[in-house]
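J.: show me the folded form of this:
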Amino acid sequence: MGDMFDYISWRGDISFEDVPFGPVDALVFSTLVYLRFEGIVPGDMRYPVPLHVAADAFSALADADDRVRSRNDLALLRAAAGAERFRKVRLCCYRSRLLEQEQTQFAAMACILSDGTAFLVFRGTDNTLVGWQEDFNMSFCDSVPAQREAAAYVKDFADQWPVLLRLGGHSKGGNLAVYAGAKQDSMTQRRILGIYNLDGPGFTESMLADAGYQAMLQKIHTYIPESSIIGMLLEHEEAYSVIKSRQIGLLQHEPYSWEVMGGDFIHVKEISAGSQFTDRAIKNWIRDMSKEDRAALVETIFELIRAGGASEIKELLHPRSIHAFFKTLKNNGQTRRLLAGEFLELLRAIRETAEQMKSQP
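T.: Have a look, this model is predicted:
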């Protein structure tokens, strides 16, 4: 079956005026925003740059390979730049912030389509430990800095450019898009045509009860692969569509694995049994943990994995990082007891989940 590249080849000569923006378009832009466009896409809306111009400038960079999340990203950028549907999309308002002390990883970009609408797209979790810790912080915080930045970003754009809007993103980017839409005033919410949450985690129960979130429910389009883990985290109230992926397990989170036919994803009836089990086990595990307990666990884990000086996920398997991890764990009895206790609680949750699902008809 096809993927984003096949979609671009199949629909690339059709404008947004002729065939409106759809979910696979959202995935294309949500994947492209992982590229680090600093110095190429302007930070304001005065001089938007066409996508094909941004692609040429990006490809000419000496460090282009270091500015991507995946080896496919440059190929996707070039494919989009060569397609009439995407090449003249104007990019602007690029913003990227990485603040370790505030545990904030945020990036966003505005895509001005040929039909006059704007797609505000938010970057998902990158390869930094800061980004991953902020994700974990969502389990005990009613909001995290990136969510508040996303809400401010949409407000700033909407106040300056009175056009119809769509919001979206992959992974954490989808969560940011939903949060940002929920936190706008009613006039701005009426201008939002849709929010595309592509395998992004959910929210705490307090967010689900928020009036702004409830007002946007019918405009949220959530897509998760059949073995979703990330997208099933925390709580969702909006309906979601389950789609096919070429990968298995956690690797299905990768957007290049999502299967496409024509102008849409290939849909399946429900998430896999393994995804259902993982989702229920995690919820059973954290159900009885207070917010303070969750915060302490997250902080302890990230203190351990930073002990060797790692700042990116890829550095965790470096011998220096592994040695520092176990040395720190050996020398800190309180940390050992905390982790051992939570490991036992996780095993309890797994057993409880197995018994619950076994008893179901």
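J.: which residue ranges form the strands in the stretch 51-200 of the chain?
T.: Taking DSSP state E, counting those that start in this stretch as the criterion, the stretch 51-200 of the chain carries its strands at 90-99, 104-112, 118-122, 165-170, 192-198.
J.: the stretch 251-361 of the chain too?
T.: In the stretch 251-361 of the chain, the segments counted as strands under DSSP E, counting those that start in this stretch are 260-261, 264-265, 267-268.
J.: the last one pairs with which strands, parallel or anti?
T.: So the one you mean is strand 267-268. Partner strands for strand 267-268, per DSSP bridges, with pairing direction: strand 240-243 (antiparallel).
J.: list the buried residues for the partner strand?
T.: Within strand 240-243, the residues that qualify as buried are Y240, V242, I243, counting by 16 or more other Cβ atoms under 10 Å. Glycine gets a C-beta too; all of them are placed from N, C-alpha and C.
J.: chain center to that strand: distance?
T.: Relative to the centre of its chain, strand 240-243 is centred 16 Å away, using Cα atoms, centre = their mean, to the nearest Å.
J.: swap in stretch 269-276?
T.: Centre-to-centre, stretch 269-276 and its host chain are 20 Å apart (Cα atoms, centre = their mean).
J.: hang on, the earlier thing: and which of the buried residues of strand 240-243 is nearest to F37?
T.: F37 has its nearest neighbour among these in I243, at 27.5 Å by Cβ to Cβ.
J.: isn't that closest one right next to E270, touching?
T.: No. Using Cβ atoms under 8 Å, I243 is not in contact with E270, being 11.4 Å away.
J.: any shared contact partners between those two?
T.: Common neighbours of I243 and E270 are listed as E226 (criterion: Cβ atoms under 8 Å, 6 or more residues apart in numbering).
J.: point out the most buried one among the strands of the stretch 51-200 of the chain.
T.: Highest mean neighbour count among these (mean count of other Cβ atoms under 10 Å): strand 165-170, with a mean of 29.
J.: report the angle between the axes of it and strand 104-112?
T.: Interaxial angle of strand 165-170 relative to strand 104-112 (axes from the mean of the first three to the mean of the last three Cα atoms, to 10 degrees): 130 degrees.
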